[in-house]
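In: sequence and predicted structure are below.
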Amino acid sequence: NAGVTQTPKFRILKIGQSMTLQCTQDMNHNYMYWYRQDPGMGLKLIYYSVGAGITDKGEVPNGYNVSRSTTEDFPLRLELAAPSQTSVYFCASSYEGPGAFFGQGTRLTVV
Amino acid sequence: KQEVTQIPAALSVPEGENLVLNCSFTDSAIYNLQWFRQDPGKGLTSLLLIQSSQREQTSGRLNASLDKSSGRSTLYIAASQPGDSATYLCAVSLSGNTPLVFGKGTRLSVIA
(Lines give C-alpha, C1' and ligand atoms only; values in the text may rest on other atoms or scores of the structure.)
Protein backbone atom coordinates (compact mmCIF):
# COMPACT_ATOMS: atom_id res chain seq x y z
CA ASN A 1 0.00 0.00 0.00
CA ALA A 2 1.38 3.39 -1.00
CA GLY A 3 -0.57 5.37 1.64
CA VAL A 4 0.34 9.08 1.53
CA THR A 5 3.04 10.04 -0.96
CA GLN A 6 4.83 13.38 -0.97
CA THR A 7 7.16 14.77 -3.61
CA PRO A 8 9.82 16.05 -3.67
CA LYS A 9 11.62 14.79 -0.56
CA PHE A 10 14.10 17.67 -0.59
CA ARG A 11 14.19 21.07 -2.27
CA ILE A 12 16.26 24.23 -2.12
CA LEU A 13 14.57 27.42 -3.28
CA LYS A 14 15.85 30.93 -3.74
CA ILE A 15 13.97 33.80 -2.13
CA GLY A 16 11.05 34.82 -4.33
CA GLN A 17 10.82 31.56 -6.26
CA SER A 18 7.63 29.50 -6.39
CA MET A 19 7.01 25.80 -6.09
CA THR A 20 4.33 23.22 -5.51
CA LEU A 21 4.62 20.43 -2.98
CA GLN A 22 2.71 17.41 -4.19
CA CYS A 23 0.66 15.09 -2.00
CA THR A 24 -1.41 12.13 -3.08
CA GLN A 25 -3.17 9.37 -1.14
CA ASP A 26 -4.64 6.10 -2.33
CA MET A 27 -6.86 5.30 0.67
CA ASN A 28 -9.93 7.23 -0.57
CA HIS A 29 -9.77 9.48 2.48
CA ASN A 30 -11.95 12.56 2.46
CA TYR A 31 -9.80 14.57 4.82
CA MET A 32 -6.35 15.84 3.94
CA TYR A 33 -3.99 18.19 5.77
CA TRP A 34 -0.76 20.11 5.38
CA TYR A 35 1.46 20.70 8.40
CA ARG A 36 4.85 22.28 8.82
CA GLN A 37 7.34 21.23 11.45
CA ASP A 38 10.04 23.53 12.73
CA PRO A 39 12.76 22.26 15.10
CA GLY A 40 11.42 21.74 18.63
CA MET A 41 8.04 23.26 17.72
CA GLY A 42 5.79 20.31 16.97
CA LEU A 43 3.54 20.41 13.90
CA LYS A 44 1.47 23.42 12.92
CA LEU A 45 -1.50 23.20 10.55
CA ILE A 46 -1.25 25.21 7.33
CA TYR A 47 -4.38 24.19 5.40
CA TYR A 48 -6.82 21.33 5.39
CA SER A 49 -9.59 19.92 3.22
CA VAL A 50 -12.67 17.89 4.13
CA GLY A 51 -13.35 16.82 0.55
CA ALA A 52 -12.83 17.64 -3.10
CA GLY A 53 -13.48 21.32 -3.77
CA ILE A 54 -13.40 22.30 -0.08
CA THR A 55 -10.39 23.82 1.67
CA ASP A 56 -9.90 25.82 4.84
CA LYS A 57 -7.12 27.70 6.58
CA GLY A 58 -5.23 26.35 9.53
CA GLU A 59 -3.06 28.08 12.09
CA VAL A 60 -0.31 29.35 9.74
CA PRO A 61 -1.73 29.80 6.19
CA ASN A 62 0.06 33.01 5.15
CA GLY A 63 2.32 32.56 2.14
CA TYR A 64 0.65 29.32 1.03
CA ASN A 65 -2.21 28.22 -1.19
CA VAL A 66 -3.92 24.89 -1.74
CA SER A 67 -6.42 23.28 -4.05
CA ARG A 68 -8.37 20.03 -3.90
CA SER A 69 -9.72 19.11 -7.33
CA THR A 70 -9.73 15.35 -6.65
CA THR A 71 -10.06 13.14 -3.57
CA GLU A 72 -6.55 11.82 -4.09
CA ASP A 73 -4.48 14.99 -4.51
CA PHE A 74 -3.86 17.99 -2.26
CA PRO A 75 -0.99 20.15 -3.56
CA LEU A 76 0.51 22.98 -1.51
CA ARG A 77 1.71 26.06 -3.39
CA LEU A 78 4.36 28.53 -2.24
CA GLU A 79 4.15 31.64 -4.39
CA LEU A 80 7.01 33.84 -3.17
CA ALA A 81 9.37 31.78 -1.06
CA ALA A 82 10.78 33.43 2.06
CA PRO A 83 13.45 32.20 4.51
CA SER A 84 10.70 31.86 7.16
CA GLN A 85 9.23 29.05 5.05
CA THR A 86 12.30 26.88 5.58
CA SER A 87 10.78 23.87 7.30
CA VAL A 88 9.75 20.26 6.94
CA TYR A 89 6.30 19.90 5.40
CA PHE A 90 4.04 16.95 6.10
CA CYS A 91 0.89 15.94 4.30
CA ALA A 92 -1.63 13.71 6.05
CA SER A 93 -4.98 12.13 5.33
CA SER A 94 -7.72 10.56 7.40
CA TYR A 95 -11.30 9.40 7.53
CA GLU A 96 -13.50 9.76 10.54
CA GLY A 97 -12.45 7.64 13.48
CA PRO A 98 -9.28 5.68 12.78
CA GLY A 99 -6.83 8.56 12.88
CA ALA A 100 -4.40 10.20 10.52
CA PHE A 101 -1.78 8.78 8.17
CA PHE A 102 1.27 10.85 7.31
CA GLY A 103 3.61 11.13 4.35
CA GLN A 104 7.38 11.03 4.75
CA GLY A 105 7.77 14.80 4.50
CA THR A 106 9.37 17.39 2.23
CA ARG A 107 12.43 19.20 3.58
CA LEU A 108 12.44 22.71 2.11
CA THR A 109 15.24 25.24 2.45
CA VAL A 110 14.83 28.82 1.23
CA VAL A 111 18.09 30.70 0.69
CA LYS B 1 -8.13 27.12 21.42
CA GLN B 2 -6.91 23.61 22.11
CA GLU B 3 -3.34 23.45 23.38
CA VAL B 4 -1.34 20.27 23.87
CA THR B 5 1.64 20.06 26.20
CA GLN B 6 4.13 17.23 26.49
CA ILE B 7 6.40 16.73 29.45
CA PRO B 8 9.31 16.15 29.57
CA ALA B 9 10.73 17.67 26.39
CA ALA B 10 13.59 15.18 26.49
CA LEU B 11 14.28 12.01 28.42
CA SER B 12 17.29 9.72 28.63
CA VAL B 13 17.00 6.30 30.28
CA PRO B 14 19.10 3.13 30.49
CA GLU B 15 17.97 0.11 28.52
CA GLY B 16 15.41 -2.05 30.27
CA GLU B 17 13.70 0.70 32.22
CA ASN B 18 9.96 1.23 32.17
CA LEU B 19 9.04 4.83 31.38
CA VAL B 20 6.09 7.17 31.12
CA LEU B 21 5.58 10.05 28.72
CA ASN B 22 2.98 12.64 29.57
CA CYS B 23 0.55 14.62 27.45
CA SER B 24 -2.00 17.19 28.63
CA PHE B 25 -4.63 19.12 26.69
CA THR B 26 -6.66 22.17 27.61
CA ASP B 27 -10.07 21.30 26.10
CA SER B 28 -11.35 18.01 27.48
CA ALA B 29 -14.06 17.67 24.79
CA ILE B 30 -11.81 15.68 22.49
CA TYR B 31 -12.92 13.15 19.87
CA ASN B 32 -9.74 11.09 19.95
CA LEU B 33 -6.10 11.18 20.96
CA GLN B 34 -3.25 9.72 18.96
CA TRP B 35 0.36 8.93 19.86
CA PHE B 36 2.96 9.05 17.10
CA ARG B 37 6.59 8.11 16.80
CA GLN B 38 9.00 10.13 14.67
CA ASP B 39 12.52 8.99 13.87
CA PRO B 40 15.09 11.67 12.89
CA GLY B 41 14.48 12.94 9.36
CA LYS B 42 11.44 10.71 8.93
CA GLY B 43 7.68 11.01 8.90
CA LEU B 44 5.21 10.18 11.66
CA THR B 45 4.19 6.64 12.47
CA SER B 46 0.96 6.14 14.37
CA LEU B 47 1.44 4.07 17.53
CA LEU B 48 -1.88 4.13 19.32
CA LEU B 49 -5.26 5.78 18.83
CA ILE B 50 -7.63 6.22 21.76
CA GLN B 51 -11.23 7.19 21.09
CA SER B 52 -12.86 9.53 23.59
CA SER B 53 -15.00 6.69 24.97
CA GLN B 54 -11.95 4.53 25.71
CA ARG B 55 -9.67 4.57 28.74
CA GLU B 56 -6.62 2.88 27.25
CA GLN B 57 -5.09 1.10 24.30
CA THR B 58 -2.25 -1.41 24.21
CA SER B 59 0.14 -2.52 21.50
CA GLY B 60 2.99 -4.80 22.48
CA ARG B 61 5.16 -3.00 25.04
CA LEU B 62 3.19 0.22 24.64
CA ASN B 63 0.17 1.24 26.68
CA ALA B 64 -1.61 4.56 26.33
CA SER B 65 -4.17 5.79 28.81
CA LEU B 66 -6.66 8.61 28.55
CA ASP B 67 -8.33 10.62 31.31
CA LYS B 68 -10.56 13.08 29.50
CA SER B 69 -11.91 14.78 32.59
CA SER B 70 -8.44 15.81 33.71
CA GLY B 71 -7.15 16.45 30.18
CA ARG B 72 -4.31 13.95 30.40
CA SER B 73 -2.86 11.00 28.57
CA THR B 74 0.18 8.89 29.30
CA LEU B 75 2.24 6.63 27.09
CA TYR B 76 3.86 3.80 29.03
CA ILE B 77 6.77 1.98 27.45
CA ALA B 78 7.80 -1.26 29.14
CA ALA B 79 11.31 -2.69 29.11
CA SER B 80 12.73 0.07 26.93
CA GLN B 81 15.19 -0.75 24.15
CA PRO B 82 17.68 1.38 22.19
CA GLY B 83 15.39 0.97 19.17
CA ASP B 84 12.74 2.93 21.06
CA SER B 85 14.88 6.06 20.76
CA ALA B 86 12.81 8.60 18.83
CA THR B 87 10.56 11.60 19.33
CA TYR B 88 7.06 10.78 20.58
CA LEU B 89 4.25 13.12 19.65
CA CYS B 90 0.79 13.38 21.16
CA ALA B 91 -2.10 14.85 19.15
CA VAL B 92 -5.81 15.39 19.76
CA SER B 93 -8.82 16.15 17.59
CA LEU B 94 -12.08 17.75 18.68
CA SER B 95 -14.23 15.90 16.15
CA GLY B 96 -13.94 13.24 13.49
CA ASN B 97 -13.32 15.75 10.76
CA THR B 98 -11.19 18.38 12.47
CA PRO B 99 -7.42 18.43 12.19
CA LEU B 100 -5.11 17.06 14.85
CA VAL B 101 -3.51 19.51 17.27
CA PHE B 102 0.00 18.43 18.22
CA GLY B 103 2.22 18.79 21.23
CA LYS B 104 5.89 19.60 20.72
CA GLY B 105 6.97 16.05 21.48
CA THR B 106 9.24 14.21 23.89
CA ARG B 107 12.65 13.20 22.58
CA LEU B 108 13.53 9.82 24.07
CA SER B 109 17.00 8.32 24.20
CA VAL B 110 17.42 4.76 25.46
CA ILE B 111 21.05 4.05 26.32
CA ALA B 112 22.42 0.52 25.89
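Out: That came through fine.

In: so what touches stretch A:46-63?
Out: Contact with stretch A:46-63 is made by A:30-36, A:44-45, A:64, A:66-71, A:74, A:76, A:78-80, A:82, A:84-85, A:89, B:97, B:99, as judged by C-beta atoms under 8 Å, 6 or more residues apart in numbering or on different chains. Placement of C-beta: from N, CA and C, glycine included.

In: quick one: which of these sit in strands?
Out: A:31-36, A:44-45, A:64, A:66, A:76, A:78, A:89 (DSSP state E).

In: pick out the residue of chain B closest to chain A.
Out: Of all residues in chain B, the one sitting closest to chain A is B:G96 (3.4 Å; C-beta to the nearest C-beta).

In: distance of that residue from A:A100?
Out: Separation of B:G96 from A:A100 (C-beta to C-beta, to the nearest Å) stands at 11 Å.

In: between these two, tell me which one has more neighbours.
Out: Comparing B:G96 with A:A100 by other C-beta atoms under 10 Å in any protein chain shown, the one with more neighbours is A:A100, at 25 against 14.

In: the more buried one - nearest residue in space that isn't next to it in sequence?
Out: A:S94 (4.2 Å; C-beta to C-beta, 6 or more residues apart in numbering or on different chains).

In: which residues touch that neighbour?
Out: So A:S94 contacts A:H29, A:Y31, A:Y33, A:A100, A:F101 (C-beta under 8 Å, 6+ apart).

In: mind redoing it with 6 Å?
Out: By C-beta atoms under 6 Å, 6 or more residues apart in numbering or on different chains, the residues touching A:S94 are A:H29, A:Y31, A:A100.
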